[in-house]
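> quick one, structure for this:
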Amino acid sequence: MTAATTATTPPADARMLGLAHYAARAVLESVLVRHGVGFQQQITLRPVAVAAGPVDRGQLAADTAAALKVDEDSAQGTIDELITAGLLGADASDVRITDAGRELFERITKETSAASARIWGDLPEEDLLAAGRVLSLVTERANAELATVTG
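Predicted structure coming up:
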């Protein structure tokens, strides 16, 4: 980073984090809409797509709820939507990716990977590591704050 960039770049804050999040999410959603998939559906589908085998439905709902800050009924509803769409299959208390779900996940991943490379590709490793540390700490603190207001 040059001295000129340092002098004109404001320090990170909640607004800047939000703007970055919504810009990146809009890129993802521009891909998802072409495939008829919503954001919450993609976030729910991903862990099943990358798992080595079936995933416990209750744990998937709990993880989705925690990640997206939604209630577990909403997460369970999203799992139901994915099953109805034929993207997930259900066996007892487990869910698994179907062939259609895997094919969709791979198409979306291919499209979003190209955009991610353009967005993140030339950022210096040390900047990414610093940003990762800060974002992890902000997430931890925000989750702790949320627990005090909802718990």
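> and the pLDDT at the residue most central in space within the chain?
Taking C-alpha atoms, centre = their mean, the centroid of the chain lies closest to Ile43, which sits 5.0 Å from it. pLDDT recorded at Ile43 is 94.
> any idea which element it lies in?
For Ile43, the host element (DSSP states H and E) is helix 39-50.
> name the helices or strands packed onto that helix?
helix 14-34, helix 57-68, helix 72-84, strand 94-97, helix 99-120 (3 or more C-beta pairs under 8 Å, 6 or more residues apart in numbering; DSSP states H and E). Yep, even glycine has a C-beta here, placed from its N, CA and C like the rest.
> contacts for that helix next, please.
25, 28-29, 32, 37, 55, 60, 63-64, 67-68, 70, 74-75, 78-79, 81-82, 87-88, 95-97, 101-102, 104-105, 108 (C-beta atoms under 8 Å, 6 or more residues apart in numbering).
> same question, stretch 82-93
With C-beta under 8 Å, 6+ apart as the criterion, stretch 82-93 contacts 41, 44-45, 48, 54, 56-58, 79, 95-98, 100-101, 104.
> quick one, domains of this protein?
22-113, 121-151 (automatic domain parsing).
> if we can go back for a sec, most neighbours among the contacts of stretch 82-93, which one?
Within those, Thr44 tops the neighbour count with 29 neighbours, counted by other C-beta atoms under 10 Å.
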